[in-house]
Structure formats: structure tokens, C-alpha cells
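[1] my questions concern the predicted model and sequence given below.
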Amino acid sequence: MRKLLTKLAILATMLLGLPMLGVWLAGLPIDRYLAFPPEGRYVDHAPFSPAAFVLYALFIAAVAGALLWRGIRAARRAATRRPAGRFPWWGWAALFSAAVFWFLAWSRFSWFAPFQPHTFTPLWLSFILAVNALDVKLSGACLMTSRPGYFLSLFPASAGFWWFFEYLNRFVQNWFYSGSQYDAWTYFLLATMSFSTVLPAVLSTQRLLSRRPRITAGFADFCQVSPRRPKAAAAAMLLLAGAGLFFIGVFPNLLFPLLWISPLLILVSLRALAGESHVLSAIFAGDWRLVVTAAAAALVCGFFWEMWNIFSLAKWEYAVPFVHRFQVFEMPVLGYAGYLPFGLECATAGHLLDDVFSAFHRRDEAG
């Protein structure tokens, strides 16, 4: 347990301290990054650049296109699997609840006005239950029923997980909230409830996708990525990712993609240096199934996040440097690429939570 707490302390110090240290040494006013609720706008975002848009698009297409092409070709040859059971009654209740709260989120009934800004949490609780119900129907089990303790612990873990990204967003201001005004404590409590649904949604979806042969086909033995000196590569990756977070608030227009990439690389490199498995370990042997299903799960959830957000009263808006054009809902089309590394970060957070469960289990056995 002490070893785990030490690792978590080092991780928290790097992820939270490096961005603030960077802006402090650059002489930027610290108070604007600490204001709560975060309402001021102080980052001057770069305008749309056709050249930058094309370069980003080509890079994203090169990375995601190979995986997508491989998946489509393999899916045609994959055997279909018959559903393992029936769709449970609570799944139907969840679908009904999702339909009701979707309708209410986009409506403006006077009698519902006091509750209008608060449809996000029940809508996503309905989504989580529905995804788990679909997993029961297709594979016979789900995250909620097979690991109930772990599943429930995802909710508080998710709140802290997403508050970290809210903190990082202070340095780049790529998204803003509108449609509701609250004092600090009310804002914190309501936001925490909403943020608590992120990990359960993504990891439940990832489990569902990981059990579909048409999705995982072709990725069990794909492309091996194996550095000759893993520890040296991990150390270099840690330094680069740490530098990225250090400078993210100093150069927000240039480094804003690192909001999603640097935390993942820091998490992976720290585990690699400790000799522990991580979310990218399997690709050293050519197994890309976890990477693909985690990224796809975040993209699926991202679609619903953005779709349900568009006509809701309490919502978020984006300001993405250089590529803010061609929105799908509120999100610029290239912004959806951020969901791919975010899915891996969700999977890594799930692994960290597994470590916590294992540490408590070992302590109980020792006691």
C-alpha cells in the first residue's frame, strides 16, 4: 500500500504541479488559473488556419486510418456470435429513462425550469445502465454485474479523474460552460455529480466492444511496437511529456493537444519504469485490442456527449486553436481525435483503480 501511495503522490505532483510551475516561471498571473468557478476568458486563441487544419487532418488520418482499414477488412471475415441472453428489464427501464431525459434536456417546459440545467447526470446514468444491459444480452455478463464493487468505485474515481482535466483546461481554455450560474460550492457539487459518470460510461462501453469479434478481429496479432531499450524509451517519453505539461500554459495555442496526450504518456512511462504493465504493454507483442476498444469506446461516448450537449440548457462550447471549423454539434470535426487518447487514459485510470483494489486485498490477506 505504501508503494502504491508513493507512486500516486509522484503522479499527482507531476500532473498538477508542472503546468502551474510553467506559468509561474513565465511570470503569468497565477490567480486566473485558480479562480473558481472558472468563468474568465484569458487565452487568446489562434484563428483558423487552413494549413494547420490540413496537417492535423493528415496526421490523424495516418494514425487512425490504418487501424480503421485493418478493422474493416478483418470484420468481414470474423464470425458472428449469437446473443448470450435476453435484454434485462432494467435495460428497458434505462432506455425509457434515457428517452425521457433526452426529451427534457432539449425541451423548455416552464414546469421543468428548476431542473432544466440538471439533465446531464440522469441521462448518463441511463446510458451506463443501457450499455451494461446490452453487454448482458450479447455476452451474458457486464461490468456492473461481474464486478459490482469495482463498478461502483468508478463513480467517485471518475469525478476526481475529470476534475484533473478541468484543471488542465485552465491552461488552454479549449472548452467553456454556459447556461447556469452557481456559487462555488454548488458548482463543485453539481459538477462532481456529472463528472462521476465519465469512467463508468467509457469503461462499460469498452468492455462491451472488447467482446465483439467483429470489432476486435484483426487486432490480436497486428503490428508489434517494441523499443530496443524500453526503460530508456520510457524515460525519454516521461521527460518529453513532462516538458509538454510544463509549457502547456505558456504556449497554449501550440501545445493544446498535449492536454490529452501528455497525461497518458506520463502514466504509461511511470508504469514502464516501475516494471509494471500498462495500457500500451500488449502492443509490444502486436496485440492492439485494448488500445482499439478503449479508443473506440471514448469515441462512441464522445458522440453521445456532443449530441446531447448541443440543445441542452447547461452546456459546453469549444475554442480550439487553428482547427475550429466544420463543427459536428459543438465540437470541431478534428477535435474528435482527442477522444482517442482519452479512451486510453480512461483505461489507465481503470488499471490504477485495479491496483488500489489489489493493494487492499493484499493488506487484508496479510492482516
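    Thanks, I have it.

[2] show me where this structure has strands.
    Using DSSP state E, the strands of the chain run over 175-178, 315-318, 327-328, 331-332.

[3] pick the most buried one from those.
    Sort the strands of the chain by mean neighbour count, taking mean count of other CB atoms under 10 Å, and strand 331-332 sits at the top with a mean of 22. For the C-beta atoms, the positions are set from N, CA and C on the backbone; glycine is no exception.

[4] and that strand, which strands flank it?
    Within its sheet, strand 331-332 is paired with strand 327-328 (antiparallel), according to DSSP bridges.

[5] just to revisit the earlier point, using a markdown table, please lay out the strands of the chain together with mean pLDDT.
    Below are the strands of the chain laid out as a markdown table (pLDDT from 0 to 100):
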| stretch | mean pLDDT |
| --- | --- |
| strand 175-178 | 94 |
| strand 315-318 | 96 |
| strand 327-328 | 96 |
| strand 331-332 | 97 |
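
[6] next, count neighbours for Ala359.
    The local packing of Ala359 (other CB atoms under 10 Å) involves 15 other residues.

[7] same check on Glu166?
    13.

[8] ok so, going back, any chance of the strands of the chain in TSV, plus distance to Asn253?
    Listed next are the strands of the chain as TSV, based on distance: least, CB to CB, whole Å:
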stretch	distance to Asn253
strand 175-178	15
strand 315-318	14
strand 327-328	19
strand 331-332	14
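
[9] just the helices in the stretch 51-200 of the chain please.
    89-106, 120-139, 143-146, 148-169, 184-195, 198-210 (DSSP state H, counting those that start in this stretch).

[10] Leu334: which of these is closest?
    Closest to Leu334 of the helices of the stretch 51-200 of the chain, according to CB to CB: helix 148-169, at 17.6 Å.

[11] if you average pLDDT over that closest one, what comes out?
    For helix 148-169, mean pLDDT rounds to 96.

[12] what's it packed up against?
    helix 2-25, helix 143-146, helix 184-195, helix 198-210, helix 258-273, helix 339-366 (3 or more CB pairs under 8 Å, 6 or more residues apart in numbering; DSSP states H and E).

[13] show me where pLDDT drops low in this structure?
    Counting by pLDDT under 70, the ranges of the chain that qualify are 1-4, 79, 360-367.

[14] contacts only, for Asp354.
    With contact taken as CB atoms under 8 Å, 6 or more residues apart in numbering, Asp354 is in contact with Tyr150.

[15] can you tell me how far it is from Arg76?
    34 Å (CB to CB, to the nearest Å).
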